[in-house]
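Trainee: Could you work out the structure for the sequence below:
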Amino acid sequence: MQALQNVCLHASPGDYLSISGASGSGKTTLMHILGLLDAPSSGRYLLEGQDVSAVSPEDRSALRSQAIGFVFQSFRLLQDLSALENVALPLAFQGVPEKIRLARAAELLEAVGLAERAPHRPKALSGGQQQRVAIARALAARPRVLLADEPTAGLDPAATQDVLALFDQLHDAGHTIILITHDPGVAARAARHAAITDGILKEEPA
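Mentor: Coordinates of the predicted model:
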């Protein structure tokens, strides 16, 4: 059985698109392809007009670091680093000088409302605060697309609303967001919504 079947999806710069589906529906496979973690077995994936369907793993990795900012359910923050250092980390991998990357990280933490938490390590932060740090980190390299995989799963209702409000602000500021979720309420916050069932994707009317 194919994980995805005849998927046709288009996202323009500045879009806020949610994709919802139950466990096993194919949304994780779709996310991996959109995030350049996997290549499709057939068909084409155009990223800013470039066909990236069959590029080498090395080129896919390079494109991923430049074009995609990831936000995960489990935050994936390094526990031995401060919030500021976690946000700056992607820029270190790109060879950005320390002074510049720390200044950029400080700006992003201020933008997500956590400037005062910059020196704290993840264990000293709440779940919602950790997710906001993770969002700031995802934005550090100025990606063209922010790809969020179940970003509110495991958060309490108040933290969920804080994170969704932040996504609203990012969308209003012109960021392109694709959000993967199983929660209909979270999916409804996006400007566009598609549902995936048994590998079949269908966009729903706004």
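Trainee: Need the single longest helix in this protein, by residues.
Mentor: Determined from DSSP state H, the single longest helix within the chain is helix 157-172.
Trainee: which helices and strands sit right next to whichever helix or strand comes after that one?
Mentor: Downstream of helix 157-172, the first helix or strand assigned by DSSP states H and E is strand 177-181. Packing partners of strand 177-181 (3 or more CB pairs under 8 Å, 6 or more residues apart in numbering; DSSP states H and E): strand 16-20, helix 27-34, strand 145-149, helix 157-172, helix 184-187. Every residue, glycine included, has its C-beta placed from N, CA and C.
Trainee: now strand 177-181 against strand 145-149, angle please.
Mentor: Angle, strand 177-181 to strand 145-149, by axes from the mean of the first three to the mean of the last three CA atoms, to 10 degrees: 10 degrees.
Trainee: Okay, angle between strand 177-181 and helix 27-34 too, please.
Mentor: Going by the same axes, to 10 degrees, strand 177-181 makes 160 degrees with helix 27-34.
Trainee: how distant is strand 177-181 from the center of its chain?
Mentor: Here the centre of strand 177-181 is set off from its chain's centre by 7 Å, with CA atoms, centre = their mean, to the nearest Å.
Trainee: Adjacent strands (with direction) for it?
Mentor: strand 16-20 (parallel), strand 145-149 (parallel) (DSSP bridges).
Trainee: Averaged pLDDT, the last one. What do you get?
Mentor: The pLDDT scores in strand 145-149 average 94.
Trainee: and the most centrally placed residue in the chain, how far is that from Gln66?
Mentor: Residue closest to the mean C-alpha point of the chain, counted by CA atoms, centre = their mean, is Leu147 at 2.5 Å. According to CB to CB, to the nearest Å, Leu147 and Gln66 sit 13 Å apart.
Trainee: so where's this protein shaky on pLDDT?
Mentor: Filtered on pLDDT under 70, the chain yields the residue ranges 1, 206.
Trainee: where do the helices sit along it?
Mentor: Under DSSP H, the chain gives helices at 27-34, 57-67, 83-93, 98-111, 127-139, 157-172, 184-187.
Trainee: Who are the packing partners of the shortest one?
Mentor: Applying 3+ CB pairs under 8 Å, 6+ apart, one finds that helix 184-187 contacts strand 16-20, strand 177-181.
Trainee: In CSV: the ones you listed, plus mean neighbour count and distance to Gly49.
Mentor: Below are the helices and strands packed on helix 184-187 laid out as CSV (neighbours: other CB atoms under 10 Å; distance: least, CB to CB, whole Å):
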stretch, mean neighbour count, distance to Gly49
strand 16-20, 22, 19
strand 177-181, 24, 18
